[in-house]
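1. I would like to see how this sequence folds:
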Amino acid sequence: MSTLIIAAFIAGGLILFAIEVFLIPGISIAGIGAALCILYAIFYAFAYVGMAAGWITVCAAAAGIALVTAWFMRSKTVDRLALKKTLDYRPEPLKGLDLKPGDKGTAITRLTLIGNADFNGNLVEVQSADGFIDEKTPIEIVRIDKGTVYVKSIQ
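-> Numbering: from 1, shown residues only. Okay, here's the model as predicted:
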C-alpha cells in the first residue's frame with residue numbers, strides 16, 4: 001500500500017510538472033503542487049517505509065523530472081513558443097531635422113556624455129565630444145555619425 005501511495009504522489013507530481021512546463025510556463029499553482037507532491041512522496045518514503053525506499057524514491061523522482069524535461073526539449077512545443085521573426089526596423093531620430101555640423105543650440109540637461117539639447121526648438125539626444133557639459137550651456141554640433149549627434153561646449 002505504501003508503494004502505491006508513493007507512486008501516486010510521484011505520478012501526480014510529474015503530471016503537474018508537465019502541465020507547468022507545457023501549458024503554464026512560470027511559477028504557478030501547478031508548479032507548486034508538483035513540488036509539494038514529489039516532496040511529500042519522498043518524505044513519506046523516508047518516514048514510513050525506510051531509508052532504502054526513501055533513496056529509491058529520490059532517484060525515481062529525479063529520473064522522472066529529467067525524463068519530462070527531456071521530453072519537453074525534444075517536442076515541438078519549444079519551436080511553437082519561439083520567436084521566429086527578426087526585427088529590421090532602424091529608427092531615424094534625426095529624420096526631418098535639418099541638423100549639420102556648426103549648428104548652435106543649448107544643452108537642456110547636463111551632458112554627462114549623453115543628454116538632451118535644443119536646436120531650433122527641436123529636442124535632440126546628443127553626445128558630448130569633450131566631457132561633461134552643464135545644462136543651459138551653449139553648444140555646437142561637431143559631427144553627426146550614424147544618428148548620433150556629437151557636440152562641444154562653445155564657452
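
2. At which residues are the strands of this structure located?
-> Along the chain, counting by DSSP state E, strands occupy 104-107, 114-119, 122-128, 138-145, 148-153.

3. Just say which of these is most tucked in.
-> strand 148-153 (a mean of 19; mean count of other CB atoms under 10 Å). Glycine gets a C-beta too; all of them are placed from N, C-alpha and C.

4. Report the angle between it and strand 122-128.
-> Per axes from the mean of the first three to the mean of the last three CA atoms, to 10 degrees, the angle that strand 148-153 makes with strand 122-128 is 80 degrees.

5. Neighbouring strands of strand 148-153 in the sheet, and parallel or not?
-> strand 122-128 (parallel), strand 138-145 (antiparallel) (DSSP bridges).

6. Need those strands in TSV (columns: distance to Arg80 and mean pLDDT).
-> Converted to TSV, the strands paired with strand 148-153 look like this (distance: least, CB to CB, whole Å; pLDDT from 0 to 100):
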stretch	distance to Arg80	mean pLDDT
strand 122-128	39	87
strand 138-145	42	88
